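A.B. asks: requesting a structural model of the entry that follows:
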Amino acid sequence: MERRLVAGTLYRRLLTAPRPVAEGLKARLMARGIPVLLESPFGELPEAALGTYMGDVSLFVPEAFWGEAEAVLEEEVP
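C.D. replies: Residues are numbered from 1 along each chain as shown. You can find the predicted model right below:
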């Protein structure tokens, strides 16, 4: 379980998926008030320099929202 400390908040990796999938899930999580951090393999480069990277990215949520985020993810499983 991968974690990141961002501005004093501990984030935990929810999944790694192609960018379009992660962006869709990010929108659903944010609509429920869950903060989301997307991390590409190019971490330090600004998004504008990457163009339209659609490969795998990691989606992180604060640990305090982990259970709620997992429930949203499970809604996606048919």
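A.B. asks: let's check: the centremost residue of this protein is which one?
C.D. replies: residue 59 (1.9 Å; CA atoms, centre = their mean).
A.B. asks: partner residues bridging that one?
C.D. replies: Judged by DSSP bridges, the bridge partners of residue 59 are residue 15, residue 38.
A.B. asks: which ones are touching it?
C.D. replies: Shown in contact with residue 59 (CB atoms under 8 Å, 6 or more residues apart in numbering): 13-17, 22, 25-26, 36-38. Just so you know, the C-beta spots here come from the backbone N, C-alpha and C atoms, and that holds for glycine as well.
A.B. asks: and residue 57, by the same measure?
C.D. replies: By CB under 8 Å, 6+ apart, the neighbours of residue 57 are 16-19, 22, 38-41.
A.B. asks: now residue 33: which helix or strand?
C.D. replies: Using DSSP states H and E, residue 33 sits in no helix or strand.
A.B. asks: helix or strand: which one has residue 28?
C.D. replies: Assigned by DSSP H and E, residue 28 falls in helix 19-31.
A.B. asks: now that helix: average pLDDT?
C.D. replies: Helix 19-31 shows a mean pLDDT of 92.
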